[in-house]
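Chemist: Requesting a structural model of the entry that follows:
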Amino acid sequence: MQSITLNLNQTIKESGKHPVGADIKLSLNPFIEYIQQRANKEKTAKINFYRYILEQFNHYPELRSPIPPENAKNYASLFELIYTSLSPIINDESQQYWAIGTPVSPCFHYGTDAFYSVFMEPSMCSLKSDLSLPSKKEMDKNLLATFYNLILEKFYNFSLSNNKFTVKSIVDPKTHLLKYYRLNVDTRFLDIRAKTKLPEYNLKDVKDYIKDERNSLKILTKLIPPDIFSIEGISIVTLTDVTSEYALETVKNLVIEHNESQNGQHSRDIATALKTLVGSDDVNFGMLPYLKLNKKLLINEQSGFQSKVVQLAKKRGWMIMTIPA
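Modeler: Numbering: from 1, shown residues only. Got it, this is the predicted structure:
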């Protein structure tokens, strides 16, 4: 485990200052209150663990107030307790992409070695030099969408998206291929409040206003300004490597969407997807038509001439006929 503040959006530099315009702060108080509620209801042996957690947190009375990001490293032992309480006890930490972050922010303060290895150089506390991240504009847009999902679900029982999982792609510096991660954010430990009385909207009103999804966030900032909200707490972020699933899905979609006029492009896209699947840019793939005559394979003599499989087939006489180029 590592206690390093990793900020993927350098526009978030001060406590309470956030690009979406809301008052967003790191705080452990919502987690403390959550554990207290569980301890009051628990009837099994888990209650002893909950009491132990509360006892450890009670040593830090200042945690009832928000934590300045620069002080987060002082509470590494408590972050470890949070990890222990939320993760299956038999899980291998080295295989878990898990982190604690500031709400609605790509700013992380504690996490597993595996999580930090995705973004940071193993020997130094800095981002990987060839790490490909979204642009600032795209990142701020994603943060704003995340923010309004929380607000709409909390106060209006409505969501901008039915999908609670987000898939992010990162270029692997070793293979120069995309790796895909399913991003899941646990928002149970957030205290979301409105500083003033909110306008009343029903689902029909929202749909009437937001007729074009491309302008939905812009319209929401006018209907429900972000600066009237405060969010305190922690976000629990987990990443799941779904590169193999995405590669296979890509191949499937290319086959389904096959168009003769784009045959060459399809071959290149399928080859890239297969490279992603095997995790190496050094392996080359080629597409060969599967044609048979009298139960024997026919092949263009210029196709696949570098393929070890084709060379072996020719050597053993499995192809009795070739089609001249």
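
Chemist: so where's the stretch 151-300 of the chain shaky on pLDDT?
Modeler: Counting by pLDDT under 70, the stretch 151-300 of the chain has low-confidence residues at 161-169, 171, 173, 202-214, 258-266, 287-290, 297-300.

Chemist: hey, where'd the strands end up in it?
Modeler: Listed in chain order, the strands of the stretch 151-300 of the chain (DSSP state E, counting those that start in this stretch) span 166-171, 178-186, 190-194, 229-233, 235-241, 291-293, 296-300.

Chemist: right, so the ones you listed: which one is the most enclosed?
Modeler: strand 229-233 (a mean of 23; mean count of other CB atoms under 10 Å). (Glycine included, C-beta is placed from N, CA and C.)

Chemist: Output the strands of the stretch 151-300 of the chain as CSV; include the columns distance to residue 150.
Modeler: CSV is the format used below for the strands of the stretch 151-300 of the chain (distance: least, CB to CB, whole Å):
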stretch, distance to residue 150
strand 166-171, 14
strand 178-186, 10
strand 190-194, 6
strand 229-233, 7
strand 235-241, 10
strand 291-293, 56
strand 296-300, 57
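
Chemist: what's the closest of these to residue 146?
Modeler: For residue 146, the closest of these is strand 178-186, at 7.6 Å, according to CB to CB.

Chemist: With only the CA atoms kept, save that closest one in CSV.
Modeler: C-alpha atoms of strand 178-186 as CSV (Å, rounded to 0.1, in the frame of the first residue of the first chain):
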residue,chain,number,x,y,z
LEU,A,178,-4.5,0.5,-25.2
LYS,A,179,-5.4,-1.1,-21.9
TYR,A,180,-9.0,-0.8,-20.8
TYR,A,181,-10.1,-0.5,-17.2
ARG,A,182,-13.6,-0.6,-15.8
LEU,A,183,-13.8,2.3,-13.3
ASN,A,184,-16.2,1.9,-10.3
VAL,A,185,-16.6,4.6,-7.7
ASP,A,186,-18.2,3.8,-4.3
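
Chemist: which SS class is the closest residue to residue 6 other than its chain neighbours?
Modeler: Spatial nearest neighbour of residue 6, chain neighbours left out: residue 108 (4.6 Å); criterion: CB to CB, 6 or more residues apart in numbering. Counting by DSSP: H, G, I helix; E, B strand; the rest coil, the backbone at residue 108 sits in strand.

Chemist: How about the contacts made by residue 108?
Modeler: Counting by CB atoms under 8 Å, 6 or more residues apart in numbering, residue 108 makes contact with 5-7, 99-102, 115, 237.

Chemist: again with residue 281
Modeler: So residue 281 contacts 175-177, 275 (CB under 8 Å, 6+ apart).

Chemist: For those, work out which two are farthest apart.
Modeler: Using CB to CB, the pair of these lying farthest apart is 176 and 275, separated by 9.5 Å.

Chemist: Compare those two (neighbour count), which wins?
Modeler: The neighbour comparison of residue 176 against residue 275 (other CB atoms under 10 Å) goes to residue 275, with 20 against 11.

Chemist: Let me see the contact set for that one.
Modeler: Contacts for residue 275 (CB under 8 Å, 6+ apart) come out as 175, 177, 281, 283, 285.

Chemist: how close does the third one get to residue 117?
Modeler: Think residue 281. 20 Å (CB to CB, to the nearest Å).

Chemist: the helices in the protein, which residues?
Modeler: Counting by DSSP state H, the chain has helices at residues 29-41, 46-57, 76-86, 113-119, 136-155, 203-209, 216-223, 243-256, 263-278, 308-315.

Chemist: Pull the contacting residues for the residue nearest to residue 106 when sequence neighbours are not counted.
Modeler: Nearest non-adjacent residue to residue 106, counting by CB to CB, 6+ apart: residue 8, 3.7 Å away. Contacts here follow CB under 8 Å, 6+ apart; on that basis residue 8 touches 106-107, 119, 127, 133, 139.

Chemist: which of those tops the neighbour count?
Modeler: Highest neighbour count within these: residue 107, with 22 neighbours (other CB under 10 Å).

Chemist: show me the contacts for that one.
Modeler: 5-9, 12, 69, 101.

Chemist: Now it: closest residue in space, sequence neighbours ignored.
Modeler: Of all residues not flanking residue 107 in the chain, residue 7 sits nearest, at 4.6 Å (CB to CB, 6+ apart).

Chemist: residues near the one you found, how many?
Modeler: Neighbourhood size, residue 7 [other CB under 10 Å]: 17.

Chemist: What of residue 82?
Modeler: 20.

Chemist: Run through the residues that contact it.
Modeler: 31, 100, 234, 236.

Chemist: One more: residue 75?
Modeler: 28, 60, 63, 67.

Chemist: Repeat that for residue 83.
Modeler: For residue 83, the contacting residues are 1, 98, 100, 110, 112, by CB under 8 Å, 6+ apart.
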